[in-house]
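Student: Sequence and predicted structure are below.
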Amino acid sequence: MSVKEAIKNVESYVGERFPVEKMNYASMVQKKEVPVHQLSWGYYIGGLALFLFIVQIFTGLMLLFYYQPTVSDAHASVEYITEHVPGGALVRNIHSWASSMMIAAVMIHLLTTFAMKAFARPREITWITGVVLLGVTFMFGFTGYLLPWHQIAVNATKIGLQTIEEIGQYLPGELATWPRAIKETIQGEASVGQATLSRFFALHVIILPLSIAAMLGIHLLSVQLHGMSAGVDEAPKRKEKFFPTFFLKDLKVWGVAFLVLFILGLCVPFESFFAYPLFSPFDPKGSTPDGIKPEWYFFWVYYPLELLPFWMIMLGQVVLGAVLVATPWIFQNTNRRAMRLLAVAAGIYLIVMTLFGENIYHLFKG
Amino acid sequence: MIDVFLLIGLPYLALVTALVAGVWRWRNRRYSLSARSSQFLEDRQLLWGSAPWHIGIIVVLLGHIAAAAFPQIWSAILTVPGAVFIIETIGVAASLLAIAGLCTLVVRRLTSARLQAVTTNADLIVVALLLAQILLGLITATDYRYGSVWSTGTVVPYFWSIVTLHPEMSYVADFPMLFKLHIVGGWLFILVLPFTRLIHLLAVPIHYLGRAPQLVIWNNARRRQHAVVATIKAESRRAFLKGTAGVAGATGLMALGVSEKLANFFKGPRPDPEAESELLKKKLERLQQTAQERQLELERQRSNFIFVARYGELTETKGKYFTDYAMAPGLAFKGKDGLPIVLSAKCTHLGCTVGSEVDGQGRVLCPCHISYFSIATGQPNDGAPAKLPLPPIGWALMDEAGKEVASRQPGQPLQGKVDAELLKKCGLYITKPVKSV
Amino acid sequence: MMRTSPIILLVLFVATPALHANPEFHRFIVKNSGRSVDCALCHVNRDGPEGTGPGQVGHLTPAELEKLGRARAALAPGMKPESPILNLFGNHIINSIGKQKFAELRLAPEQLAKTLPKDSDLDHDGIPDAQEYLDGTHPLMKSDGRPWLLFKNNLRTNLLQILLATGATVIGLFGLRHLLNGFAIAVNTDENDEDENKEQHP
């Protein structure tokens, strides 16, 4: 293949994914139509995740007005927000609830798009950016978790980072020391401390938001360019206009989400689900309190990790990551029925592990 | 005397006249019960005048009517905290909106020759009256605050006394002139109602709100061609208007329910001195804790020995926590042979801090994933998640003079010799690990 | 999905708690509620009164030690003991039932909830202190309590705000619907205009 041909191929590949002739208001907003069928509800989940992200930006910026990212002041400033600042408890609680809801929405979004085979050509880029967004969202959760600097936060982060070091035991020779070096680079020092807090803070409030904004831009642009994927095999009986019909329905979903979030934020403190000693300020000299669990959205990998050997989980993770990234090519020729079955199976696994993981753990480990 | 005329005579004069003339006009000039639209003469300014004016005045009027018709319910609503404030705010905002709209309409009348041709003297009188009346009401609202509250015990009974033919002016006789003028203005409107275009009030066009907009246009071929487009435009304009009203209403409610909190969020708390000193104390404690840690760190970098405990404080059943050279927790026990056992307390599995209680089999527990470590060897139990033993830490015993009595480095035999009497006076230190080359 | 490694610690209540001043109560709460608690439920310091940290005996000034001595002698109820090692709830217990009764209750810690005043709610979260004691939630933390109970109480207190927010959402959606419709109509009109212009000037 000559260079010229190669360039041409690249051009046509990119051109198909980002058709310049469609980049205008008329075809991206006015002409866009959304199919109506029994899986149509899946079309709202992505928008819901977007709404929750917007909520996170607003509440996060508000928390930034009072939060102080130093080991001596972080916990005190969070306490100050919840106990003294007017409406501070509400803002912080909404931030916690919305983070959980956002991760749930993103996970459901992944499953529905998978089931609807919405990654088929020319939507590969949409899928890949989506997978990256999922990763960034989980990183948001992990970095944000440390910031209050209470017992559960610091201990959980310590152990989470420790798993990186664990990989070292399976690597040969000189390579075995790398994971430790990587861990300490992330931490910024030998153990979780001020350097870690500063780094996680920077990640959580600057680097991750910027990267999510960039990825989200590409993601949304390609969604609007290519329109909604058909989602089902039979041709849809009815289509509705994206603007204003579908967009309005989207807004209604957002309105309900806002109300739910507002009521939960006002009435159910997120921390009331945990024993209170976990929220006392981190004390490096004392012992670790009982009852530390990861956030619920890590249960699906946490409980298997408890039950199975470490290398199996690591291998599983690598395979899962690779499969997710390569999904548009692996499942190119799979039919939608099979996709749906796979998605349902994955969904059931996630739900069972999240709800009954602890019971399963006790079943095997007594 | 003048009060009697204005507050009792005028009302009955107005009511009787309005009734008689109104019935006459309704029976004989039925199709004149309108506001005489001038939309086809000028429709651009009309929108910006008529809509705000009508929205504003309808809100204000409904408030007056509600208070007069259902004084009990009205008072009950006002007892809700914040309700008075909200209602007064809405009232003032609505009358300002009405004034703005009315002014636009006046300017429109005065600047368009076409419109002046269809303007009667009665119209000008009505406009002047309306302006005066709203201004009077507005001044009353700002000068004699919370009229929504005090009116239910004064103006409302007065109004009902007139209507039920038992006139009683003592309810309002003591009000300042300003407010009496506002009352008089109200009766004046009833008086002029049947003689002016105000009569359209009686033909309340509620169904207009729901119906498709109608346009009054010249009827010729060119105009007809554009009539469809114009209708669509009017429709979208109406949608915009409704939309703006909705969004504005939502913003208002938000301001009441949520945004008020947000404003205070940015303003920040203003704690009382006691709470403030509590806060400062807490902050200081945390700072001291951090300073202590920094101190520990510095000490570990500078000195070759770190004090752990007096020998006498060590026991076989409960370990003593300390911070080792890596700033990680460590534990010190007394062994069976009477020598200290010094171990890292950082679990070799995932780094939790190991507990300090020694169980019957001479083991300590890591609570995170249940690994039992023998304190004698540091080894974890079989099948524990932790695979590696807790590493021992080099230690030295020194007497009061700072002379080393005994020491042991990990993996090396004991140095020096121990004697029970001497040990009691000793302190346990950990020694700086030698950097392996 | 691969980004972060999971957090790995586990709740297990098997771990025996460290030494406590009143282990009977501690054990009862954990067993009764299934929630873990620490000494900060009643004491100033979460590691209990023994030690040299803030709020522990070794950290007290002579004046505070004297106060402690007086508080320890508060055998009968109602003596307002301001013990420097106890927090508000701890002092509340001693004040309402007396030190002597408290010591007797060590044999039957479940009785403590019945002897505490029914209507006292120190953190104003709507759950009485006695209930919080049984639930293993902190009687001095507004945000700590059984989620369902907190939900019910907060819903009652914040009903007005919730109604306002609901109203705002409904009206706001109504407004947005009309704005968007108006916008769509207006855009369509422009198109029609253009179409007509094209027809008029072929």
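Tutor: Now that the structure is in, tell me what you want to look at.
Student: Now do the helices in chain C.
Tutor: In chain C, the helices defined using DSSP state H lie at C:23-33, C:62-72, C:88-97, C:99-105, C:112-115, C:129-135, C:147-157, C:159-200.
Student: Turn the ones you listed into JSON lines, columns for mean pLDDT and mean neighbour count.
Tutor: Just so you know, the C-beta spots here come from the backbone N, C-alpha and C atoms, and that holds for glycine as well. Shown next, in JSON lines, are these (pLDDT from 0 to 100; neighbours: other CB atoms under 10 Å in any protein chain shown):
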{"stretch": "helix C:23-33", "mean pLDDT": "85", "mean neighbour count": "17"}
{"stretch": "helix C:62-72", "mean pLDDT": "85", "mean neighbour count": "14"}
{"stretch": "helix C:88-97", "mean pLDDT": "89", "mean neighbour count": "20"}
{"stretch": "helix C:99-105", "mean pLDDT": "85", "mean neighbour count": "16"}
{"stretch": "helix C:112-115", "mean pLDDT": "87", "mean neighbour count": "16"}
{"stretch": "helix C:129-135", "mean pLDDT": "90", "mean neighbour count": "22"}
{"stretch": "helix C:147-157", "mean pLDDT": "92", "mean neighbour count": "16"}
{"stretch": "helix C:159-200", "mean pLDDT": "77", "mean neighbour count": "16"}
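Student: Quick check: which of these is nearest to residue B:317?
Tutor: Closest of these to residue B:317 is helix C:23-33, at 15.9 Å (criterion: CB to CB).
Student: before we move on, the earlier item: I'd like to know which of the helices of chain C is closest to residue B:421.
Tutor: Closest approach to residue B:421 among these is made by helix C:62-72 (34.7 Å; CB to CB).
Student: Next, the angle helix C:88-97 makes with that closest one.
Tutor: Counting by axes from the mean of the first three to the mean of the last three CA atoms, to 10 degrees, helix C:62-72 lies at 40 degrees to helix C:88-97.
Student: So what touches helix C:62-72?
Tutor: C:57, C:60, C:81, C:82, C:83, C:84, C:85, C:86, C:91, C:94, C:99 (CB atoms under 8 Å, 6 or more residues apart in numbering or on different chains).
Student: how does it look with 10 Å?
Tutor: Residues from elsewhere that reach helix C:62-72 (CB atoms under 10 Å, 6 or more residues apart in numbering or on different chains): C:49, C:55, C:57, C:60-61, C:79-86, C:90-91, C:94-95, C:99.
Student: Any regions of chain B where pLDDT drops low?
Tutor: Across chain B, the ranges flagged by pLDDT under 70 are B:30-36, B:40, B:204-206, B:208-218, B:225, B:256-260, B:350-351, B:368-369, B:435-437.
Student: any chance you could map the helices in it?
Tutor: For chain B, helices defined by DSSP H occupy the ranges B:2-4, B:10-28, B:44-69, B:71-78, B:83-111, B:113-117, B:121-143, B:147-150, B:155-163, B:177-192, B:221-254, B:260-267, B:273-302, B:420-424.
Student: okay, the ones you listed in JSON lines with distance to residue A:130 and mean neighbour count next?
Tutor: JSON lines is the format used below for those (distance: least, CB to CB, whole Å; neighbours: other CB atoms under 10 Å in any protein chain shown):
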{"stretch": "helix B:2-4", "distance to residue A:130": "78", "mean neighbour count": "11"}
{"stretch": "helix B:10-28", "distance to residue A:130": "69", "mean neighbour count": "15"}
{"stretch": "helix B:44-69", "distance to residue A:130": "46", "mean neighbour count": "17"}
{"stretch": "helix B:71-78", "distance to residue A:130": "51", "mean neighbour count": "14"}
{"stretch": "helix B:83-111", "distance to residue A:130": "45", "mean neighbour count": "17"}
{"stretch": "helix B:113-117", "distance to residue A:130": "61", "mean neighbour count": "11"}
{"stretch": "helix B:121-143", "distance to residue A:130": "56", "mean neighbour count": "16"}
{"stretch": "helix B:147-150", "distance to residue A:130": "55", "mean neighbour count": "19"}
{"stretch": "helix B:155-163", "distance to residue A:130": "64", "mean neighbour count": "18"}
{"stretch": "helix B:177-192", "distance to residue A:130": "65", "mean neighbour count": "18"}
{"stretch": "helix B:221-254", "distance to residue A:130": "32", "mean neighbour count": "16"}
{"stretch": "helix B:260-267", "distance to residue A:130": "33", "mean neighbour count": "14"}
{"stretch": "helix B:273-302", "distance to residue A:130": "42", "mean neighbour count": "13"}
{"stretch": "helix B:420-424", "distance to residue A:130": "67", "mean neighbour count": "11"}
